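# using only what follows, build the 3D model:
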Amino acid sequence: MREPVFGPSDPAASRNDVFTLYLDSFRSRIIEGVEGLSESEVRRSRLASGWTPLELVKHLTYVELRWLEWGFEGQDVPDPWGDRRDDRWYVAANESRNDVIAALNAQAVRSRSIIESNELSAVAQPGPRFKDGEPPTLERILLHLLQEYAHHLGHLDIVVEIATAQDV
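Predicted coordinates:
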């Protein structure tokens, strides 16, 4: 049975905690969906767009990296678009499901640290992530991350449903 997504009446110590709890919940659901698929299904696309569930996990790892470390903190990130090859999401054949999930979990630790150590009103550092406009606040970045996760979790739910219906 699926763990419920963190909800509006669930307790949280602060507004920062609300964001981290929602992100943790969405990450958990993404991982649960990918872990419930066979090895062949995590590397198979069931959609015309061509992405695979494992590529989605890697993409979300880099989404957090781009928005929080490269964007908000202004860190020097050698390959902020490392989830892409030839203008599409990419996971190398030698990257295992465990490796890709471990990378998402490691990113979650770094993301949580950034969220917990900053005010939501803090403005991102100027840098290449925001070269075409004013840097946003941490709160705006986190709202964007939540919608990105919700969007992709819905996609993955559909893919898992299709894949498991085919297995019956």
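
# tell me where this protein has helices.
Using DSSP state H, the helices of the chain run over residues 15-35, 39-42, 53-64, 97-116, 138-167.

# looking at these, which one is packed in the most?
Ranked by mean neighbour count under mean count of other Cβ atoms under 10 Å, those are led by helix 53-64, which reaches a mean of 23. Bear in mind the C-beta positions are built from the backbone N, C-alpha and C, glycine included.

# re the thing from before, and of the helices of the chain, who's closest to residue 86?
helix 53-64 (12.5 Å; Cβ to Cβ).

# quick one: distance of that closest one to the chain centre.
Relative to the chain's own centre, helix 53-64 is displaced by 6 Å; criterion: Cα atoms, centre = their mean, to the nearest Å.

# any idea how far residue 122 is from the residue nearest the centre of the chain?
Residue closest to the mean C-alpha point of the chain, counted by Cα atoms, centre = their mean, is residue 60 at 2.8 Å. Separation of residue 60 from residue 122 (Cβ to Cβ, to the nearest Å) stands at 23 Å.

# and what of residue 71?
12 Å.

# how about residue 165?
Taking Cβ to Cβ, one finds residue 165 at 45 Å from residue 122.

# one more: residue 157?
Relative to residue 122, residue 157 is positioned 33 Å away (criterion: Cβ to Cβ).

# sounds good, over and out.
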